[in-house]
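Participant: predicted model follows, preceded by the sequence.
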Amino acid sequence: MPRIEFAFPGPLRDRLVAAILDGSKTSTTGLVVDYEHDGDPLPEVGTRGVVVDSGDRPVAVVEVTDVRVVPPARVDLAHAVDEGEGYTSVAEWRAGHERFWHSEETRSALGDPEFTVNDDTPAVLERFRLVTALRTADG
């Protein structure tokens, strides 16, 4: 099964993994450019993968239940809320994601120190379900 990494190793990944394990995170957002840069195909409905934590340990198996490619300007509130990060508005979701996408880590990973997301940047909105927890949220 393919590996699934949420964010970069560290506190954000740890929070996202805990949210998957406790059931509050059932959606995520990526960028088409990130998939293209890594040479990875876009996720497909029915695909399963192993979620890894910051220590590169497998923690869960998830299955993709829906995939949409839309610009950030078309993200809906349900998707934002289901990311499990406490967003209560699309504007809040957008601000949080732009901080991540415009971070030095993301720009470095893409090899583009000037990378910027705008209203037309293709984003991958993915929904998934927890199939199996391989460990609990607290270890």
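Facilitator: Thanks, I have it.

Participant: going forward, measure contacts between C-alpha atoms and count neighbours the same way
Facilitator: OK.

Participant: mind listing what's buried along stretch 80-88?
Facilitator: Buried residues in stretch 80-88, counted by 16 or more other C-alpha atoms under 10 Å: Ala80, Val81, Asp82, Glu83, Gly84, Glu85, Tyr87.

Participant: OK, contacts around His79?
Facilitator: Contact partners of His79, counting by C-alpha atoms under 8 Å, 6 or more residues apart in numbering, are Ser27, Thr28, Leu125.

Participant: make it 7 Å
Facilitator: Residues in contact with His79 (C-alpha atoms under 7 Å, 6 or more residues apart in numbering) are Ser27.

Participant: roughly how far is stretch 17-26 from the heart of the chain?
Facilitator: Centre-to-centre, stretch 17-26 and its host chain are 12 Å apart (C-alpha atoms, centre = their mean, to the nearest Å).

Participant: next, the buried residues of it.
Facilitator: Val17, Ala18, Ala19, Ile20, Leu21, Ser24, Lys25, Thr26.

Participant: separation between the fifth one and Leu42?
Facilitator: Applying C-alpha to C-alpha, to the nearest Å, one obtains 23 Å for the distance of Leu21 from Leu42.
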